[in-house]
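> Whatever this is, show me its structure:
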Amino acid sequence: MPRPGPCRGSIAAARTLARYTSEVLLVDVALASRDVAATSSRREKTARLARLLRTLAPEEQVVVVNWLAGQPAQGRIGLRYARTGEALANSAPASSPSLSVLEVHAALGAYATARGPGSALARRTILEELFARASPEERRFLAGLLTGELRQGALEGVLIDAVAQAASAPPEAVRRAAMLSGSLPAVAAAVQGEGVGALDRFRLQLFSPVKPMLAQAAGSATEALEALGKAALEWKLDGVRIQVHREGQTARVFSRTLRDVTEAVPEVAAVARAARARSLVLDGEALAVRADGTPEPFQVTMRRFGRRLDVDRLAPGLPLTGFFFDLLHLDGEDFLSRSNADRHGALAQIVPPAHLVPRLVTSEPAEAEAFLEEALARGQEGLVAKSLDAPYLAGRRGGAWLKVKRARTLDLVVLAVEPGSGRRRGWLSNLHLGARDPARGGFAMLGKTFKGMTDSMLEWQTERLRALAVGDDGFVVRVRPELVVEVAFDGIQASAKYESGLALRFARVKRYREDKRADEADTIDTVRELHALKGGR
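Numbers count the residues shown, from 1 in each chain. The predicted model follows:
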């Protein structure tokens, strides 16, 4: 029976979706990624990526820079681990590489847009044909890309330097353009196709959101003040990051991922329209607040924030409130380069106090710790300490903002581990974590982590886990579930990725518990109770 037209899901059909203007192959990208993972030298990583980028046409730049950043150019395409594993298992590697960059991009686009009757079969066909035409090195790269597990040690800073080097452009100019555009791939395509002058057109523009400034972690409020001196402390709200743009009476609200969510949060847009300004760009959080002023659980907020339908019905019973802590633009003037103190002073003049994040400026540790305790007592996540002199560095996680939170810990069992890359090459690094499941037997997986490990810990766990190994497919080393590890985490969220239905947020290793047996580890019931305690957070 022929498949329905919209879901003819082969690579041959996908080829009609793109015009191929060069012959750069997927294997060229896969080998560059492998080389980058094999070195710990930032200079060598940058030079290797720059050599690859120089070979690409502008339309390939957008695709490949997205890939090197760890995601398909289409963004999330609804692919699960199991489906990738099935495609690998149901296909043998090709003897030689033949897939071009744009051909793979078109196939992934066809996968992402497959809809209607027959779409499941179409998607499976696309994926299996991709892996069947891929060489072993390409299969490894594709599997990492599609599962979000591409470990190559090429963070955004390295990619920015590589884009700049490939185009003979000043790195700071590329960094600023990427910051203001919110898209390094777009900047890479522009500067490669048009030259350095193309960077001048990337400016802060109303209704074109920029990536939010991010915070590094600090162990305590006192530690944050030791690093910053006198600083502004703000509650870290248990909500959703937003950026609001307004000109005249037109206001648009954008998510942390720069998606327009205005239709879902009309109350937040109304606050922006009521501000005393002609035009503005605000940074803040949206959250559902109870009558006593404490926040609803995060997933209650997301029940509203993630909806575009039935907003009029849901809003009266579950309103969202916008709280703001930064000002990026006001009445035709960009504030990005101004100090935090100046930006907040102007913000306080145009936004009502009820919509400002609580803030304390201090250099006293006792005051800072008391302010943290107040935030936690009011149901918030913690606080963010901010340098009073720092500019707004969009998309950057610098030391000018330091977040302080109280993390919970669980004793979990290591179920498997993945080989490290880059500086960790030769070690076993990324742990698969599970909780005991007394009802069903065995262990329920809750996620992975490679964070929090010292070199000595990596060396120890590599030796220990190799001794426990029961299988190795080249990607994952399965181990006997005997080793208990204490893991800190910031929250627990619902997840369709794992059979347990739950996943830890920002998990990191604190220490190994050699004093505990696997049958003494925490249970999935404990994890569910913690999840329920925060109302689904």
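> for the record, mean pLDDT for the helix or strand that contains His245?
Assigned by DSSP states H and E, His245 belongs to strand 240-247. Throughout strand 240-247, pLDDT has a mean value of 96.
> what's next to the next helix or strand after that strand, contact-wise?
Under the assignment DSSP H and E, the closest C-terminal helix or strand after strand 240-247 is strand 250-255. Contact with strand 250-255 is made by 207, 209, 240-246, 260-262, 264-265, 268-270, 272-273, 286, 305, as judged by CB atoms under 8 Å, 6 or more residues apart in numbering. Every C-beta, even on glycine, is put in place using the N, C-alpha and C of the backbone.
> one more time with 6 Å, if that's ok
207, 209, 242-245, 260-262, 265, 268-269, 272-273 (CB atoms under 6 Å, 6 or more residues apart in numbering).
> So which residues of the stretch 251-400 of the chain form strands?
Here the stretch 251-400 of the chain has its strands, by DSSP state E, counting those that start in this stretch, at 279-288, 320-330, 333-334, 359-362, 382-387, 397-405.
> Same list (these) but as TSV, adding mean pLDDT.
Below are these laid out as TSV (pLDDT from 0 to 100):
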stretch	mean pLDDT
strand 279-288	96
strand 320-330	97
strand 333-334	93
strand 359-362	98
strand 382-387	96
strand 397-405	88
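> Export those strands to a markdown table and append columns for mean neighbour count and distance to Arg42.
Listed next are the strands of the stretch 251-400 of the chain as a markdown table, based on neighbours: other CB atoms under 10 Å; distance: least, CB to CB, whole Å:
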| stretch | mean neighbour count | distance to Arg42 |
| --- | --- | --- |
| strand 279-288 | 24 | 30 |
| strand 320-330 | 23 | 30 |
| strand 333-334 | 12 | 31 |
| strand 359-362 | 17 | 36 |
| strand 382-387 | 25 | 25 |
| strand 397-405 | 20 | 17 |
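> and Lys236, which of those is closest to it?
strand 382-387 (4.6 Å; CB to CB).
> what helices or strands is that closest one leaning on?
helix 221-228, strand 231-236, strand 397-405 (3 or more CB pairs under 6 Å, 6 or more residues apart in numbering; DSSP states H and E).
> neighbouring strands for the second one, and are they parallel or not?
Read that as strand 231-236. strand 359-362 (antiparallel), strand 382-387 (antiparallel) (DSSP bridges).
> And stretch 506-521, end to end?
For stretch 506-521, the first-to-last residue distance is 20 Å (CA to CA, to the nearest Å).
> Okay, buried residues for it please.
Going by neighbour count (16 or more other CB atoms under 10 Å), the buried part of stretch 506-521 is 507-509, 512-513, 516, 518, 521.
> now stretch 149-160
So for stretch 149-160, counting by 16+ other CB under 10 Å, buried means 149-154, 156, 158-160.
> Show the average pLDDT along it.
76.
> Would you work out how far apart the start and end of it are?
21 Å.
> Run through who's touching it.
Under CB under 6 Å, 6+ apart, the answer for stretch 149-160 is 33, 36-37, 45-46, 68, 70, 144, 174-175, 421-422.
> hang on, the earlier thing: just the ones in strands from the buried residues of stretch 506-521, please.
508-509, 512 (DSSP state E).
> Make CSV from the helices and strands packed on strand 382-387 and add distance to Asp455 to it.
Supplementary listing: the helices and strands packed on strand 382-387 in CSV, determined by distance: least, CB to CB, whole Å:
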stretch, distance to Asp455
helix 221-228, 23
strand 231-236, 31
strand 397-405, 23
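> Turn the ones in strands among the buried residues of stretch 506-521 into TSV, including pLDDT and distance to Asn340.
Below are those laid out as TSV (pLDDT from 0 to 100; distance: CB to CB, whole Å):
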residue	pLDDT	distance to Asn340
Arg508	91	28
Val509	92	33
Tyr512	90	40
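> which among these gets closest to Val484?
Of these, the one sitting nearest to Val484 (CB to CB) turns out to be Tyr512, at 7.1 Å.
> Now the residue lying closest to the closest one once chain neighbours are set aside: phi and psi?
Excluding the flanking residues, the one nearest Tyr512 by CB to CB, 6 or more residues apart in numbering is Val485, at 5.3 Å. Main-chain torsions, Val485, degrees, to the nearest 10: phi -130, psi 140.
> which stretches of the stretch 301-450 of the chain form helices?
Secondary structure of the stretch 301-450 of the chain (DSSP state H, counting those that start in this stretch): helices located at 311-314, 340-350, 365-377.
> Quick one: residues in contact with the first one.
When contacts are taken as CB under 6 Å, 6+ apart, the neighbours of helix 311-314 outside the stretch itself are Arg304.
> which parts of it are buried?
Val311.
> mean confidence for it?
73.
> Using PDB, write out every CA atom in it.
Output of helix 311-314 as PDB, limited to C-alpha atoms (Å, rounded to 0.1, in the frame of the first residue of the first chain):
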ATOM      1  CA  VAL A 311      -6.000  30.500  27.900                       C
ATOM      2  CA  ASP A 312      -9.200  32.500  28.400                       C
ATOM      3  CA  ARG A 313     -10.700  29.600  30.400                       C
ATOM      4  CA  LEU A 314      -7.600  28.800  32.400                       C
END
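> hmm, back to that, need the buried residues of stretch 506-521 in JSON lines (columns: distance to Leu465).
JSON lines is the format used below for the buried residues of stretch 506-521 (distance: CB to CB, whole Å):
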{"residue": "Ala507", "distance to Leu465": "17"}
{"residue": "Arg508", "distance to Leu465": "18"}
{"residue": "Val509", "distance to Leu465": "13"}
{"residue": "Tyr512", "distance to Leu465": "11"}
{"residue": "Arg513", "distance to Leu465": "15"}
{"residue": "Lys516", "distance to Leu465": "16"}
{"residue": "Ala518", "distance to Leu465": "14"}
{"residue": "Ala521", "distance to Leu465": "16"}
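> what about the spatially closest residue to Arg508 that is not a sequence neighbour, which helix or strand?
What sits nearest to Arg508 in space, not counting adjacent residues and going by CB to CB, 6+ apart, is Gly452, at 3.4 Å. Assessed by DSSP H and E, Gly452 sits outside every helix and strand.
> between the buried residues of stretch 149-160, which is nearest Gly379?
For those, the nearest to Gly379 is Glu156 (32.8 Å; CB to CB).
> That closest one and Thr526: what is the separation?
36 Å (CB to CB, to the nearest Å).
> Quick check: which of the helices of the stretch 301-450 of the chain is nearest to Phe475?
It's helix 365-377; of these, that one is closest to Phe475 (CB to CB) at 40.2 Å.
> elements contacting the closest one?
Other elements packing on helix 365-377 under the criterion 3+ CB pairs under 6 Å, 6+ apart are helix 221-228, strand 231-236.
> outside of the first one, which residues touch it?
When contacts are taken as CB under 6 Å, 6+ apart, the neighbours of helix 221-228 outside the stretch itself are 218, 365, 368-369, 372, 385, 387, 402, 404.
> Do me a favour and average the pLDDT over that helix.
95.
> Equivalent analysis for the last one, please.
Per-region confidence: strand 231-236 scores 97 on mean pLDDT.
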